[in-house]
Structure formats: C-alpha cells, structure tokens
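Undergrad: mind folding the following:
(one chain, ligands or ions: 2)
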Amino acid sequence: MNTDLVWSKFLNKIETEVNSIVYKTWFSNTKLHELKDNIATIIVPMEIHRKHLNDSYLKVIIDTLFLITNQMYDVNFILEDEIKKDENNDNVIELNNYDTSTEKTDFKYSSNLIKTYNFENFVVGNSNKLAHATALAVAETPGETYNPLFIYGSSGLGKTHLMHAIGNYIEEKTNKRVLYVSSQQFTDDFMKLSRKDDNDKTNYQYAEYFKNKYRSLDVLIIDDIQFFATKPKTQEEFFHIFNILYNEKKQIIISSDRSPNDLKLLEERLKTRFCWGLTVDIYPPELELRKNILRKKIQSSNSLPEISEEVIDYIASNMTSDVRNLEGAINRLMAYSFVMGCTEINLQVAVEALKDMINKGTSEKANILKVQKVVADYFQISVDDLKSKKRSASIAFPRQIAMYLSRTILNESFERIGLEFGGKDHSTVMHSCDKIKSEINTNNEIKNSIDEIKKNIV
Ligand code: ADP
Ligand code: MG
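TA: Ligands and ions are numbered 1, 2, ... in the order given. This is a model prediction of the structure:
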C-alpha cells in the first residue's frame, strides 16, 4: 500500500474514533510522510500538534496503523520544514486518560458557563488557530499539559468564547468541577469576605463557602485579569488559590487584554506564575476569517433572509477590528430586514442598514451615547448600567470614566452629561471628572485603559 492510501484509510478510521472537532483540529491536516524501519513519520502543521498528538493520541494512532497495515509502528511527528532532518523517535508516551475519580465535596455551586459558547461554533482562522488548538488541548487534558493557560488579545476577539468552550467541553466529558468567573466576580466574592458584619457566624460561613468554592475546583477559568491591576488584596487571595490549585494539578485558565509582562500593576510573583504554563495570543481576524465568521453567524440565524456573497464581502472588508462588531452588523441586518420586510438582502439593503456602523468616524460624529456604548462594551456592562443608580465599583467606576470622556472629548456641559447619565446632578459629574483626572495622573494602568477606550471613540 502506498503512503497516501494508508493515510486516507487511517484518517477514515480515526474519524470514527474521535469526535469531529478533535478530528478536524488534530488529524485533518496531517500527512503520512513515510513508513520505514518500523517508524511511521507523520507530518503535522504546528508544534502544538506534535505535542498534543504525542501526549494524548499516540496509542490510538499506533493501534489504528496496526489495524490497517498489520504492523506495529513507532510514531515520529515532524513539521513540514523538518522533513529533510533525521529524527529519532524516542518519545513514546502512554496515552493519558482523564482522571474522572475526583471526589466532590458537598456544596452547591454553578459553573457560570454559557452553553452556547463552544468549539463547534468557534470559527478558526490564522489569527486564532494557535489559541484555538491550545484551548482544545487543555479541554482534552485539563491540568496536564498547559497549566496555567494564559490567553490574551484585544476586546472582542473570542477570548471569553474560547474559555467557555473549554469549560463546556470538560463538563461534558468528565465530572470535573469547573468554575468560570470574571475577575470582577472574583473580586466581589472576595470583598464579601472582608466586609464588616456583626454576625460572626455569617462571616464564618461565608469564609468557608469562599474557601470551598475556589479550592475544591478542578478547573478555574478567570476572565479579564487586567482588572486585578489596582487590587492588591484580591491579587494576594488569588495568589493563594492559584498555588493550591496549581500544586494539585488543577487546571487554571486566565485571560487578559494584554500579555503578562504588560500587566504593569500586577505583582511580580503572579506574573511569573502566569508564564509557567503557556501564553497564547489572539490577533484581530483576517479578511477570510471575517467572512467565514459572517457566514457561520448567518447560517445559525434562521430569521435572516438570503444574503449575497457581495454583502458578506462588503461587511468583511469594511469592519476590520473585531468579531463583536461583525455580530453587531448581523444583528442590525436582521432587525432592519425584519422591520422593512426584505425578502433578500442585497448590497443596496446592506449599505442602507449598516450606514451608521460602517461609516463610523466619517459620517457618525461621536456623541454621549457613543461614549457610553464604547465604555460599557469595554467593561462588559450595559449602557443601562451606566445610566442606573447602581453604586458597585464595577459600574460606578466605568460610569465615572464615561462621564470624564464625555467631558474631555465632547466638551459637553456637566448638566448635559448628568442628564444623559440617568439624571445625575452636575456636582456628581464634576466630582467624577476630577476623580478620573487624578487617577490618570497617578495610575498608569488606568491611563492606558482610558487611552485604549478613547481609540474606539474618536
Ligand atoms: P473577548 O472575550 O476576546 O472580548 P468574546 O469571546 O466575548 O471576545 O467574543 C465576542 C463575540 O464574538 C462573542 O459573541 C463570540 O461568540 C464571537 N466570536 C469571537 N470570535 C469568534 C470566532 N472565531 N468564531 C465565532 N464567534 C466568535
Ligand atoms: Mg471577554
């Protein structure tokens, strides 16, 4: 049998053995280079394939090859550009199995996972393929290979989606205990520990609850860690939890909008730990990926009329920054075509429906609502939150920033700003502006965040 034939039989067989996402990610882009001296040399696309196939699928590969060729082969993975090099194969490792025996302690909890974020509906392209492959590797062998996994990249590129996908995958396949928290939720949980309360018993119970909640996890997913920057006490508590989980080989997954080294106000010892595992970044999507994402989103929404390729081209070429925007465009098209009763979305309809979004910066002038939207998006809260009376730090702080930016970028009066923020009086607005101004002067992290937000407004 020639190698091509062996490999196509091999792939057909493997496809029936593993689930489709595993097949697509790890096997579909492999090739058999040669079968020689009892060694099967397999070409893989990236280093991560070599590691993960070795760690997790070696036995399956050897068995399947045996089934097809009736011969036992050792396996050697190489990258395309290594073909010429001579390689030894001495890294045969036993297949790893999930440890599903983890005992569970007895308290109620919710994993906070969003079921609709999974690997199946995550569209892969050049800008996110490493992050995607790594995330899947972690999902298949939590706590074993890449620990901690640190994913970073700008807002709207799919970090949160990938993290939930990992969590959902693990929950589905094992009985491991998974928890997803935003860094804000973690801080809130932790702050409750130190609140003043006359009732010692309640405090004690809460401390126990906190300890149990975090320390008995198998997988801790913590999103947007950059918000820990200004919270040394939270960092300290997280440091302890990190150590406990890490030492017990529990998986930790962290995301941030910047790399560990750029997290200026984070304690050194935390940064060091973040780099112990693997750090991967996600880039803004390239044109082809943007188109594929649009196609996927259109496919999965059954309330959209037919959309031409021309329209997909138009959106993908004009909306270049992030995936959240692309989703926004699709939602807009949906609403527009529903209201207008369109049976087909052609270029003309799309241009009209999306004119505010696509001509951003040229025709749409920045206004208070725009500032509110950008700030709310950045902090992952809603515009209604900004206008509300809520006083928790996770909302009050973004609100102050939005007020400050409305003042400094748009030059609006304090009164007008107060009005647009749910009827606050002008002294509240003034106070907010002063506060943020002094934060900017003393806190680089905050200054950087605000610079980042500004870029999206002007
Ligand atoms: P981040 O956490 O990096 O800010 P999110 O994970 O919240 O970004 O992604 C923003 C939106 O874009 C989500 O609705 C997510 O489902 C979607 N998205 C991002 N990347 C992809 C992708 N590659 N395929 C499909 N949807 C994506
Ligand atoms: Mg996110």
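Undergrad: tell me what L35 is bridged to.
TA: A40 (DSSP bridges).
Undergrad: identify the residue of the stretch 201-350 of the chain closest to ligand 1, quick one.
TA: V323 (3.5 Å; C-beta to the nearest ligand atom). In this view, the C-beta of every residue, glycine as well, is placed from N, C-alpha and C.
Undergrad: ok now stretch 426-433, how far from the chain's centre?
TA: 35 Å (C-alpha atoms, centre = their mean, to the nearest Å).
Undergrad: next: stretch 369-385.
TA: Using C-alpha atoms, centre = their mean, the offset of stretch 369-385 from its chain centre is 19 Å.
Undergrad: and it with ligand 1, contact?
TA: No: residues of stretch 369-385 contacting ligand 1 under C-beta under 6 Å from any ligand atom: none, with a closest distance of 7.7 Å.
Undergrad: may I see the buried residues of that stretch?
TA: Neighbour-count burial for stretch 369-385, counted by 16 or more other C-beta atoms under 10 Å, picks out 370-381, 383, 385.
Undergrad: kindly report the same for stretch 343-351.
TA: 345, 349-350.
Undergrad: from the residues you listed, which ones fall inside helices?
TA: 349-350 (DSSP state H).
Undergrad: for the buried residues of stretch 343-351, give me TSV that also has pLDDT.
TA: Putting the buried residues of stretch 343-351 into TSV (pLDDT from 0 to 100) gives the following:
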residue	pLDDT
I345	89
V349	90
A350	92
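Undergrad: could you dump the buried residues of stretch 343-351 into CSV with distance to I330 added?
TA: Shown next, in CSV, are these (distance: C-beta to C-beta, whole Å):
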residue, distance to I330
I345, 10
V349, 13
A350, 11
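Undergrad: so who does S111 touch?
TA: For S111, the contact set (C-beta atoms under 8 Å, 6 or more residues apart in numbering) comprises 167, 171, 177-180.
Undergrad: tell me the most packed of those, by neighbour count.
TA: G167 (28 neighbours; other C-beta atoms under 10 Å).
Undergrad: please see if the helix or strand containing it touches ligand 2.
TA: Taking DSSP states H and E as the criterion, G167 maps to helix 159-173. Yes: using C-beta under 5 Å from the ion, a contact is recorded between helix 159-173 and ligand 2, made by 159-160.
Undergrad: just curious, which of the buried residues of stretch 369-385 is nearest to ligand 1?
TA: Once C-beta to the nearest ligand atom is applied, the member of the buried residues of stretch 369-385 that ends up nearest ligand 1 is Q380, at 7.7 Å.
Undergrad: surely the closest one meets S182?
TA: Yes: counting by C-beta atoms under 8 Å, Q380 does reach S182; the two are 7.2 Å apart.
Undergrad: shared neighbours of those two, which are they?
TA: In contact with both Q380 and S182: D224, using C-beta under 8 Å, 6+ apart.
Undergrad: ok, back up a step: give the buried residues for the helix holding G167.
TA: So, applying 16+ other C-beta under 10 Å, buried residues of helix 159-173: 159-171.
Undergrad: now the phi/psi pair for the residue of the chain found nearest ligand 1, please.
TA: Per C-beta to the nearest ligand atom, G158 is where the chain lies closest to ligand 1, at 2.7 Å. Here is the backbone geometry of G158 (degrees, to the nearest 10): phi 110, psi 10.
Undergrad: and the helix holding G167, what's its mean pLDDT?
TA: Averaging pLDDT along helix 159-173 yields 97.
Undergrad: please renumber the chain so that the first residue is 28 from this point on.
TA: With the count now opening at 28, the last piece we talked about shows up as helix 186-200.
Undergrad: I395 against G445, yeah?
TA: No: using C-beta under 8 Å, I395 is not in contact with G445, being 10.8 Å away.
Undergrad: K40: what's it in contact with?
TA: Applying C-beta under 8 Å, 6+ apart to K40 gives the contacts 91, 94-95.
Undergrad: just the buried residues of those residues.
TA: 91, 95.
Undergrad: looking at the contacts of K40, spot the one nearest P311.
TA: T91 (38.5 Å; C-beta to C-beta).
Undergrad: now the closest one. Nearest residue, chain neighbours left out?
TA: Leaving aside its chain neighbours, T91 sits nearest to K40 (5.2 Å; criterion: C-beta to C-beta, 6 or more residues apart in numbering).
Undergrad: tell me the phi and psi of that neighbour?
TA: In terms of degrees, to the nearest 10, the main-chain angles of K40 are phi -70, psi -50.
Undergrad: quick one: it and ligand 2, what's the gap?
TA: 39 Å (C-beta to the ion, to the nearest Å).
Undergrad: again, but for K238
TA: 27 Å.
Undergrad: burial check on that residue, number of neighbours?
TA: When neighbours are counted by other C-beta under 10 Å, K238 comes out with 14.
Undergrad: repeat for Q326
TA: 10.
Undergrad: check T469 too.
TA: T469: 8 neighbours (other C-beta under 10 Å).
Undergrad: what does the one 3 residues further on give?
TA: Neighbours of E472 under the rule other C-beta under 10 Å: 19.
Undergrad: list the contacts for it?
TA: Per C-beta under 8 Å, 6+ apart, neighbours of E472: 253, 256-257, 291-292.
Undergrad: tell me the spacing between the closest residue to it other than its chain neighbours and ligand 2.
TA: Of all residues not flanking E472 in the chain, A256 sits nearest, at 4.3 Å (C-beta to C-beta, 6+ apart). For A256, the distance to ligand 2 equals 16 Å [C-beta to the ion].
Undergrad: again with K481
TA: Taking C-beta to the ion, one finds K481 at 20 Å from ligand 2.
Undergrad: okay, how far is it across stretch 137-154, tip to tip?
TA: 32 Å (C-alpha to C-alpha, to the nearest Å).
Undergrad: do that stretch and ligand 1 meet at all?
TA: Yes: with C-beta under 6 Å from any ligand atom as the measure, stretch 137-154 is seen reaching ligand 1 through 144, 148-150.
Undergrad: for ligand 2, see how far away N139 is.
TA: For N139 relative to ligand 2 (C-beta to the ion), the value is 13 Å.
Undergrad: mind listing what the spatially most central residue of the chain touches?
TA: The centroid of the chain falls nearest to K186 when counting by C-alpha atoms, centre = their mean (1.4 Å). Residues near K186 by C-beta under 8 Å, 6+ apart: 158, 178-180, 250, 282, 309.
Undergrad: what are the ranges of the strands in the chain?
TA: 58-63, 66-71, 101-106, 176-179, 205-209, 246-250, 278-283, 305-308, 333-334, 371-372 (DSSP state E).
Undergrad: which residues does R317 contact?
TA: By C-beta under 8 Å, 6+ apart, the residues touching R317 are 342-343, 346-347, 350, 353.
Undergrad: swap in F37?
TA: 59, 91-92, 95.
Undergrad: once you drop chain neighbours, what's closest to the residue nearest to the centre of the chain?
TA: S282 (4.3 Å).
Undergrad: do the same with M457
TA: Nearest to M457 is F441, by C-beta to C-beta, 6+ apart, at 5.4 Å.
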